[in-house]
Structure formats: C-alpha cells, structure tokens
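Undergrad: Provide a 3D model corresponding to the input given below.
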Amino acid sequence: MLAGAVVLGSSTATLADTEVADPLVIERDSFTIEQVSGGYRLTYHLDDPLPMRGALPVLEVDGEPVGLARESADGGSVSVVTTDESVLDATDVALSWEGEDESAPGARSFGTQSVDPDDVADAVDVPVLDVDPSANGDYTVERADYDLGTQAIDLPEIGGIRGEMRAA
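TA: Prediction:
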C-alpha cells in the first residue's frame, strides 16, 4: 500500500489577487479600476506619499465611502477591492480619513497655525505671572523608557507597517 502526505503552506494571496480572464480596466488621470476575482480594485494614484495620521485612509467615489484603503508597497497609490459595481461609473475618487472629524471639538490638526499675539492679549485678560515659567524650578525631570522587544502592533491598511511598542 502506498501512503502519501499533503503539506499545505500558508499564503498571503487573497481572492482579489486571482487573475480574471480578459479583465475590465478603466483608467483615469488620478485613478484606475480593474476587474479582479471577487469584484473591482479601485486604485487612487497619490501625488505625495500617504501622510501618517491619527485615522485610517478611506477611498470615496463621488462622495461616498467605498472602503479602507491599502497603501501600495512603493507608496505611490492606495487601493480598495469592492463588489460595488457603481464604482464603474465613478467620475471623482478622493482620499478621506476614517475616525477624524476636523470640525469636532478637540480635533487635532497636524499642520501649523500662526497666531497673532496681540489678538490673544486682547481676547483674554490674564494676570502677569511673578515667575518665568521657562526658568528652571525646584523639581527635576527624569526620563523613562520602555521597549517591549519584538512585540509590535499592526497598523491596518498602511502598507503592512507594524508599529513597535517602545517609547520615551
């Protein structure tokens, strides 16, 4: 009797990586739509590298979110695979950010904003301090570092980057 073994390996391929015979391809200035097994891959071409933000990148088609975008290995584009056929009629594709509402109170902006000191002084009547807050005081400052070694967390849909668990 002949015995055999089958070894199954793991694969990072997804359904969207499977080829489609004679796929539909739509190319525009800033985006491309390709038919893939399982739907359509919408790729948005970036002018600049994807910035690091406190939110996840999302592709929108004509103002409607399609899904979380995955950054390409070379950083030149982001893409999402969807089964929604309405992407075939797309006239505008844009990048937005999930979890970031710039109009919300306390929303963080990573840009710079110039403030005229005279406007602040006029807006707020504040007493002058007796001491210089930038001068050395009575307390010392210490530094604490931590490094969890090889432990890291996944940063979803941002080019497969893993964030290390260390800080100062």
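Undergrad: tell me the strands beside the helix or strand containing residue 35, with direction?
TA: In this structure, residue 35 is located in strand 31-36 according to DSSP states H and E. Strand 31-36 has the following strand partners under DSSP bridges: strand 25-27 (antiparallel), strand 39-45 (antiparallel).
Undergrad: closest one to residue 91 among those strands?
TA: Nearest to residue 91 among the strands paired with strand 31-36 is strand 25-27; the distance by C-beta to C-beta comes to 11.4 Å. Quick note: C-beta positions are derived from backbone N, CA and C, even for glycine.
Undergrad: who touches the closest one?
TA: 32, 33, 34, 35, 88 (C-beta atoms under 8 Å, 6 or more residues apart in numbering).
Undergrad: residue 154: neighbour count?
TA: Neighbour count of residue 154, defined by other C-beta atoms under 10 Å: 10.
Undergrad: hey, what's it bridged with?
TA: residue 162.
Undergrad: show me what contacts residue 57?
TA: Applying C-beta under 8 Å, 6+ apart, the residues near residue 57 are 50, 68, 69, 71, 78, 95, 96, 97, 98, 157, 158.
Undergrad: which residues touch residue 28?
TA: Applying C-beta under 8 Å, 6+ apart, the residues near residue 28 are 90, 93.
Undergrad: distance of it relative to residue 87?
TA: Residue 28 sits 12 Å away from residue 87, going by C-beta to C-beta, to the nearest Å.
Undergrad: hang on, the earlier thing: can you lay out the contacts of residue 57 as a markdown table showing distance to residue 166 and pLDDT?
TA: As requested, the contacts of residue 57 are exported to a markdown table (distance: C-beta to C-beta, whole Å; pLDDT from 0 to 100):
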| residue | distance to residue 166 | pLDDT |
| --- | --- | --- |
| 50 | 23 | 84 |
| 68 | 26 | 91 |
| 69 | 28 | 91 |
| 71 | 23 | 90 |
| 78 | 28 | 93 |
| 95 | 30 | 92 |
| 96 | 31 | 90 |
| 97 | 26 | 89 |
| 98 | 27 | 85 |
| 157 | 23 | 62 |
| 158 | 18 | 64 |
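Undergrad: need the helices for the protein, in chain order.
TA: Ranges of helices in the chain, per DSSP state H, are 117-123.
Undergrad: by mean pLDDT, point me to the weakest helix or strand of it.
TA: When each helix and strand of the chain is scored by mean pLDDT, DSSP states H and E, helix 117-123 comes last, with a mean of 55.
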